[in-house]
Structures are given as C-alpha cells and as structure tokens.
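Engineer: Here's my sequence, what's the structure:
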Amino acid sequence: MDIESLRDFCLTLPRATECMPFDDTTLVFKVEGKMFLFVDLESVPLRFNVKCDPDFALVLRDAYPEVVPGYHCNKKYWNTITMRLGLKERLVKEWVVHSYAEVVKKMSRVRREPLEKLLAQWKQSNGM
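Structural biologist: Got it, this is the predicted structure:
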C-alpha cells in the first residue's frame, strides 16, 4: 500500500475528510472533525498513526513488528504502522477501519449512531 492507495481508502469511509492542520507534510484524516489517521507524506517507508483500543493495541504490537506505540501520540491509544513488504493490505485496511470505529465510538449518541449505521453499510458493501 502506498500513500495514494491509503488516501483513497481513507476517503471511502463515511464522512471522512482530509486536512493538513499541522504543517505541509502531515496529512490528517478525520470523521466529524475527530482524527482517526495521520501520516507524514515524506516518510520512507510509509508510516502512519491510527487510533486503537488499548488492549488490541498491545496484541498488534506483540504480533506484528510493523506495529509500534504511536509516535508523538498517547501510546495507550495510538499505534504507528510501518508499511513493509509482506504486510497484507487487507490487514492494514482493517486497522484503519478499526481506528475510524474507535473514534466514532467516543462520540455523543446523536453523532455516533448515524455514523455506526453508515459504517455497517460501508462494511457490508466492502466485504469487511
């Protein structure tokens, strides 16, 4: 997965937007104004941060050398993923969707419920 395919995938998620609020090289993806992924456009290899359930974050870090505690983030809730040969794109997409869902989960009921429905429909139509 390269930066363009990561960007394209993120923008398929319901109501996902992109912006560059920090600087000219950090691309941020948000849902309803809340960040679920950010990436340094200059990183080689491609590295990006995603939000994660704290227990699941530890499981991923133990299972995959490409997953480490989030760089410049609360390491309890964020993971940094480094794209390496052999890391399956499907798996990375699942982690991005998990990040999106974790952000939605923390929203007020009024904001959360419509997004959860949209995400369920999105998952069904995208085979996830």
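
Engineer: Next one: residue 9 from residue 74, what distance?
Structural biologist: Here residue 9 is placed at a distance of 24 Å from residue 74 (Cβ to Cβ, to the nearest Å). Using the backbone N, CA and C atoms, a C-beta is placed for each residue, glycine as well.

Engineer: Looking at those two, which has the bigger crowd around it?
Structural biologist: Between residue 9 and residue 74, residue 9 has the larger neighbour count (other Cβ atoms under 10 Å), namely 19 against 10.

Engineer: For the residue nearest in space to the middle of the chain, which three-state class applies?
Structural biologist: For the chain, residue 96 is the residue whose C-alpha lies nearest the centre (Cα atoms, centre = their mean; 3.4 Å). Following DSSP: H, G, I helix; E, B strand; the rest coil, the label given to residue 96 is helix.

Engineer: My read is that it contacts residue 12, right?
Structural biologist: No. With contact defined as Cβ atoms under 8 Å, residue 96 and residue 12 do not form a contacting pair (10.0 Å).

Engineer: What count of nearby residues applies to the nearest residue to residue 3 once chain neighbours are set aside?
Structural biologist: Excluding the flanking residues, the one nearest residue 3 by Cβ to Cβ, 6 or more residues apart in numbering is residue 46, at 5.9 Å. Burial of residue 46 is recorded as 18 neighbouring residues (other Cβ under 10 Å).

Engineer: list the contacts for residue 46?
Structural biologist: Residues near residue 46 by Cβ atoms under 8 Å, 6 or more residues apart in numbering: 1-3, 6, 39, 82-83.

Engineer: List just the nearest of those residues to residue 21.
Structural biologist: Of all the contacts of residue 46, residue 39 has the smallest distance to residue 21: 13.2 Å, by Cβ to Cβ.

Engineer: Residues contacting whichever helix or strand the closest one is part of, please?
Structural biologist: Assigned by DSSP states H and E, residue 39 falls within strand 34-40. With contacts defined as Cβ under 8 Å, 6+ apart, strand 34-40 is touched by 3, 6, 10, 16, 22, 25-30, 46-51, 96, 99-100, 102-103, 106-107.

Engineer: what ranges do the helices span in the protein?
Structural biologist: Using DSSP state H, the helices of the chain run over residues 3-12, 54-63, 89-105, 109-125.
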